[in-house]
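K.L.:
Okay, sequence plus prediction incoming.
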Amino acid sequence: MKTVLVVEDNEVIREDVSEILTLANYKVISAINGKEGIEKTYEFMPDLVVSDIAMPIVDGFGMLHVLRKDPKTEDLPFIFLTSKSDRNDFRLGNIIISARVHCIPEIITITFRCQENK
């Protein structure tokens, strides 16, 4: 069973995403901010991280930056989940590199299809 770390400061969204992933047969671990997300990444070494961008203490970009600097986590698949809808709100380079795809609107669909085919 693949493990997904969900990092989201909004409890309702965190629980909803976790429930959807659990129903899809993923083991889900959750964290309330990027600092806790970094700690749980090293503790559980998930197969995928799904993270909000705007969070207290350490945001999603800060979390990604820390994980990309460590050889143990530099290739960990990472998806940003956000309510922001304006493309100007995104740091496109980081999103494209972290998800290893080139089509921003389809990141989640592509990543989950890849997981289903394994």
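P.N.:
On my side now, so go ahead. Numbers count the residues shown, from 1 in each chain.

K.L.:
quick one: average pLDDT of the longest helix along the chain?
P.N.:
Counting residues, the longest helix in the chain under DSSP state H turns out to be helix 11-23. The average pLDDT for helix 11-23 rounds to 88.

K.L.:
Show me which positions of it end up buried.
P.N.:
By neighbour count on 16 or more other C-beta atoms under 10 Å, the buried set for helix 11-23 is 14, 17-18, 21. Every C-beta, even on glycine, is put in place using the N, C-alpha and C of the backbone.

K.L.:
Now render those as TSV, adding distance to residue 47.
P.N.:
Output for the buried residues of helix 11-23, formatted as TSV (distance: C-beta to C-beta, whole Å):
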residue	distance to residue 47
14	18
17	15
18	15
21	11
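
K.L.:
Can you get me a residue count around residue 75?
P.N.:
Here the number of neighbours of residue 75 (other C-beta atoms under 10 Å) works out to 10.

K.L.:
Helix, strand or coil: sort out it for me.
P.N.:
coil (DSSP: H, G, I helix; E, B strand; the rest coil).

K.L.:
how about the longest helix of the chain as CSV, C-alpha atoms only?
P.N.:
Taking C-alpha atoms only, helix 11-23 is exported to CSV below (Å, rounded to 0.1, in the frame of the first residue of the first chain):
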residue,chain,number,x,y,z
GLU,A,11,-8.8,20.9,9.2
VAL,A,12,-11.8,20.3,6.9
ILE,A,13,-9.7,20.2,3.7
ARG,A,14,-7.1,18.0,5.4
GLU,A,15,-9.7,15.5,6.5
ASP,A,16,-11.6,15.5,3.2
VAL,A,17,-8.4,14.9,1.2
SER,A,18,-7.3,12.2,3.6
GLU,A,19,-10.6,10.5,3.4
ILE,A,20,-10.7,10.5,-0.4
LEU,A,21,-7.1,9.0,-0.5
THR,A,22,-8.0,6.4,2.2
LEU,A,23,-11.0,5.3,0.2
